[in-house]
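>>> Sequence and predicted structure are below.
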Amino acid sequence: MSDTGADNLLGMLQATAQAHGERPALSSWHDGAWRTLTYADLWDLSQRFGRGLRALGVKPGDRVAIAAESCPRWVVADFGILAAGAVNTAMFPSLPPGQMEYILSDSGAWLLIVGDPQLLQKALVIRRTMPDLQIVLLDGEPPADADVVTCEQLLDGGDDTAALPPPPPPTALASLIYTSGTTGRQKGVMLTHHNFVANVAQCREVLVFQPDDVLLSVLPLNHVFERTAGCYLPLSCGSHVFYCENLRRLREHLPQVRPTYMILVPRFLESLRDALVDRMAKAPPLRRALFAWGTALGKMRLQCVLKRRPVPLYVAAEYRLADRIILRKIRAAIGLDRIKNLVSGAAALSVQINEFFQSLGLEVLEGYGLTEAAPVVSVNRPGAVTVGTVGPPLPGVEVALGEHDEILVRGPNVMEGYYRLPEDTEAALDADGWLHTGDVGALRGEYLCITDRLKDLLVLTNGKNVAPQPIELHLCTSPYIAQAVVLGDSESYITALIVPAFERLRHWAQTQRLELPEAPHEAAGHEAVQDLIRREVRRLTEHLADFEKVRDFRVLAQEFTVEGGELTPTLKVKRRVVLQTHQAHIASMYGR
C-alpha cells in the first residue's frame, strides 16, 4: 500500500486529486505558452477517457496500446485505460511499423492510441495487415476517410451505458512493457498495480517530493523509468510536471520552468555538460578563469564529501565565495538554480560526468533498475552520494549477488513474469522469488556497483573475461570520442569501433591549423584524426590490465542510432546488430 493509502494506481491519483484538486498537475508548451491541467482536470479527463474507451468496446483485461510522445494527454490516456480496467501496452513512438505490429499481435491489443498525424500514418500502415485495428488520435485531425476516433470524440463519447468498472485489485495487470531487446526478441514484462504502487512508495522514502516541487520531463513516458519516477511518483505527491516539447527546446524550457527535480539518462547529462563546456570556452577570459577556479574548488570539496571527511575550512570558505561569484550564476543561467537533485538511471553514468555536475553544486543521484522491477532497485541518497555506485537498495527491496556475481533482486515491485513466456519467466524468477537481472555487480558495504551485463561479458581465447561497458565509458570521457563499442568475444585481444565527436574534432583541427575534409567518412579516415584517436585510446586505457587494453580500433563515419538499428530506444547498444553491420571493419582488425 502506498503513502496515499491506495493499493492501485487509480486510487493513488484519486487521493491526490482530492487533496490537491486545484493545484497544477501537468503542463505542456503550446503556441508560445504553457497550458496546464489541474489535478481535478486530470482526474475528470481520465475518467471521461475511460468511459470513452468503454463505449468503443474496451473491457477489463483488454490490452490498449499507446504510441505517442510524452505530453499531458499521454497521462490522461494512461489513467483512462486503467479506469476502463484495461492494460496499458506502451510502445516507443520511434519504433518502425513492423515492431509495433509485433507488439500489438503478441499482446493481443486491438486498439492503438497514437499521438499525432505522423504516427497515425504508421498506424494506418499496420492496419493494412491488421484490418480490425481501431485507432485513436490524441492530437490533430485525421484524414476524412481514415476511420479514426479523435481524442475529443472519445472524451465526449462515454455515457451511462459505458459505466466504468470497479477499481482494479492490486494484483490486476496494469501494464505490458516490451523490453528493448539488446540481445534477442522483445518480451512483454507484466507489471501489476501493486508493482507500481509499491515502487512509488519505496521511492517516496528516498526522494521527498512536495506539492511545491516542479519536475521537467524529458524522457519518453512509455519507458518505465520515466513513468514511475517521472510521472507516478510526483503525481502521488501533488507535484507539478512540465513536459519538454522536444529536446531541441530543452535549453529554452529549463530557465522557463526552473525545475526542482529532473529524471534523466546519462546521455542527456553528457550533452548538457558538453554544451556548458563549449559555452564557457567561448566566454570572455575572466569568466573562463572564474569557471575553472570555481569547478576546481568544487572538485576539492567533493573529494572530501565523497570520502566522508570534513571539508577544510579554507576550502569551504573559498568554495562559498566561488559559488556566490560564478557557480550560482551558471546554475541560474541554465535554469538549474532551484534543482534539489538530478536523478540518473537506465544506463551507466561515467564518474567524470557525475563529478563535473557535483563540482557545479548540482547533486546527481545515480540509481539502478530494470523494467522487470517496475523499475527502481537502488539509488544514491540525497546528501550521501557515493560516485561510481548506484546507491543502496530502496527500502523493501532486497539485493544479493548470485553465481558470477549476478545481481539478484526481490521485493513487491518485481514483475509477475513475461507474457506468454513461461520458460523465460522460470529462468528469470527462481523458486525463492529472486529476479535474476543478468547484470553483474559488487557491493561496497550497502552501496551497489554495476560492473557489466552478464551476457555482454567478452570471453577471450585465453579464458580471460572482459567487461566491455566500463572500457566504453572510459573511452567516451574523451572530448573527441562520442560513442565506442568494445569487441573481442572468442578472440585473442580487444578492439573497438569508435564514433568521433566531429564538431570537437573540427575545432581541434583549427587549433592545429589542419583542414579536415567536409565529408564525415573522409574526415574519419584522415591521418591526423587517426593519430589523435590512437593517443586518446592509449591514454584512457593505460590503467587497464594488459588483456583489457584496446589493441586496434576503427573510426566510423556515422554514429550508432535508433533509426539505424544499432541502439535500442533507450540508447543501449545492440551488440549483435553492430557485429553484423560492421563485419568488414571487425574482420580487418582481426586479420581476416
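Sure thing, it's come through.
>>> Show me the protein divided up by domain.
Here the domain parsing of the chain from automatic domain parsing is 9-168+207-247, 263-337+339-454, 457-589.
>>> Please identify the most buried of those domains.
Among those, domain 9-168+207-247 has the highest mean neighbour count (mean count of other CB atoms under 10 Å), at a mean of 20. (C-beta placed from N, C-alpha, C; glycine too.)
>>> Could you tell me the end-to-end distance of that one?
Taking CA to CA, to the nearest Å, domain 9-168+207-247 runs 29 Å from one end to the other.
>>> Let the chain start at 38 from now.
Got it, first residue is 38 now, which makes that one domain 46-205+244-284.
>>> Throw the domains of the chain into JSON lines and include mean pLDDT and distance to L291, thanks.
Listed next are the domains of the chain as JSON lines, based on pLDDT from 0 to 100; distance: least, CB to CB, whole Å:
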{"stretch": "domain 46-205+244-284", "mean pLDDT": "94", "distance to L291": "7"}
{"stretch": "domain 300-374+376-491", "mean pLDDT": "91", "distance to L291": "3"}
{"stretch": "domain 494-626", "mean pLDDT": "86", "distance to L291": "21"}
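>>> Could you dump these into CSV and include distance to P292?
CSV is the format used below for the domains of the chain (distance: least, CB to CB, whole Å):
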stretch, distance to P292
domain 46-205+244-284, 11
domain 300-374+376-491, 4
domain 494-626, 24
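>>> can you tell me which of these comes nearest to N236?
With distances scored as CB to CB, the stretch of those nearest to N236 is domain 300-374+376-491 (4.0 Å).
>>> Can you tell me which helices and strands the lengthiest strand in the chain packs against?
Longest among the strand segments of the chain by residue count, using DSSP state E, is strand 472-481. Counting contacts by 3 or more CB pairs under 8 Å, 6 or more residues apart in numbering; DSSP states H and E, strand 472-481 packs against strand 435-438, strand 443-447, helix 459-465, strand 484-490.
>>> let's see it at 7 Å
When contacts are defined as 3 or more CB pairs under 7 Å, 6 or more residues apart in numbering; DSSP states H and E, strand 472-481 packs onto strand 443-447, strand 484-490.
>>> Nearest to P257, out of these?
With CB to CB, the closest approach to P257 among these belongs to strand 484-490: 21.9 Å.
>>> Tell me the strands beside that closest one, with direction?
As defined by DSSP bridges, the strand partners of strand 484-490 come to strand 472-481 (antiparallel).
>>> Next, the angle from the strand it pairs with to strand 443-447.
110 degrees (axes from the mean of the first three to the mean of the last three CA atoms, to 10 degrees).
>>> Determine how far strand 472-481 lies from the middle of the whole chain.
Put simply, strand 472-481 sits 19 Å off its chain's centre (CA atoms, centre = their mean, to the nearest Å).
>>> What of stretch 237-252?
That offset, for stretch 237-252, works out to 18 Å (CA atoms, centre = their mean).
>>> coming back round to it: which outside residues touch the longest strand of the chain?
Strand 472-481 has contacts (CB atoms under 7 Å, 6 or more residues apart in numbering) with 407, 409-410, 426, 438-439, 441-447, 451, 465-467, 485-492, 504.
>>> likewise stretch 54-65?
Applying CB under 7 Å, 6+ apart, the external contacts of stretch 54-65 come out as 71-77, 79-80, 108-109, 112, 248, 272, 275, 277-280.
>>> Give me the subset of those residues lying in strands.
Short answer: the contacts of stretch 54-65 in strands (DSSP E) are 71-75, 277-280.
>>> quick one: the closest residue to V113 other than its chain neighbours from I103, how far?
Distance criterion CB to CB, 6 or more residues apart in numbering; nearest residue to V113, sequence neighbours excluded, is L82 at 4.7 Å. According to CB to CB, to the nearest Å, L82 and I103 sit 15 Å apart.
>>> And for H277?
Distance, H277 to I103, using CB to CB: 23 Å.
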